[in-house]
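**Student:** whatever this is, show me its structure:
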Amino acid sequence: MTDLPDAATNDVAVPPCDRIDTSRPHTARIWNYWLGGKDDHEVDRAAGDQIRQLHPGIGEYARGPAVPGPGRPSSGR
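**Tutor:** Take a look at the predicted model:
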């Protein structure tokens, strides 16, 4: 289906840092920043701060309880 080699049979290992683009913000790292984590970069923090200007409560929302949805249990309310 594709001309790309299967990762399991490829003899050339690609270091994880070569597969992750840290020059562009990523939603997972932005959430990590809002949650007070350590796995984010300056570009993620800058994007997170821009979003926070539009939605000031986003950091508290990120730390709040998960919203029930498909495949998530309800809180019983």
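**Student:** low pLDDT regions in this protein?
**Tutor:** Residues of the chain meeting the criterion pLDDT under 70: 1-12, 14-18, 66-77.
**Student:** just the buried residues of the longest helix seen in it, please?
**Tutor:** Longest helix of the chain, by residue count under DSSP state H: helix 42-54. For helix 42-54, the neighbour count (16 or more other CB atoms under 10 Å) marks Val43, Asp44, Arg45, Ala47, Gly48, Ile51 as buried. To be clear about C-beta, it is placed using only N, CA and C from the backbone, and glycine gets the same treatment.
**Student:** Serialize these to JSON lines and add fields for distance to Trp34.
**Tutor:** Formatted as JSON lines, the buried residues of helix 42-54 follow (distance: CB to CB, whole Å):
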{"residue": "Val43", "distance to Trp34": "15"}
{"residue": "Asp44", "distance to Trp34": "10"}
{"residue": "Arg45", "distance to Trp34": "10"}
{"residue": "Ala47", "distance to Trp34": "11"}
{"residue": "Gly48", "distance to Trp34": "6"}
{"residue": "Ile51", "distance to Trp34": "9"}
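**Student:** closest one of these to Pro25?
**Tutor:** Checking the buried residues of helix 42-54 against Pro25 with CB to CB, the nearest one is Ala47 at 3.6 Å.
**Student:** what about the nearest residue to the closest one once chain neighbours are set aside, distance to Ala13?
**Tutor:** Excluding the flanking residues, the one nearest Ala47 by CB to CB, 6 or more residues apart in numbering is Pro25, at 3.6 Å. The gap separating Pro25 from Ala13 is 27 Å, by CB to CB, to the nearest Å.
**Student:** what do you get for Asp21?
**Tutor:** Asp21 is 18 Å from Ala13, by CB to CB.
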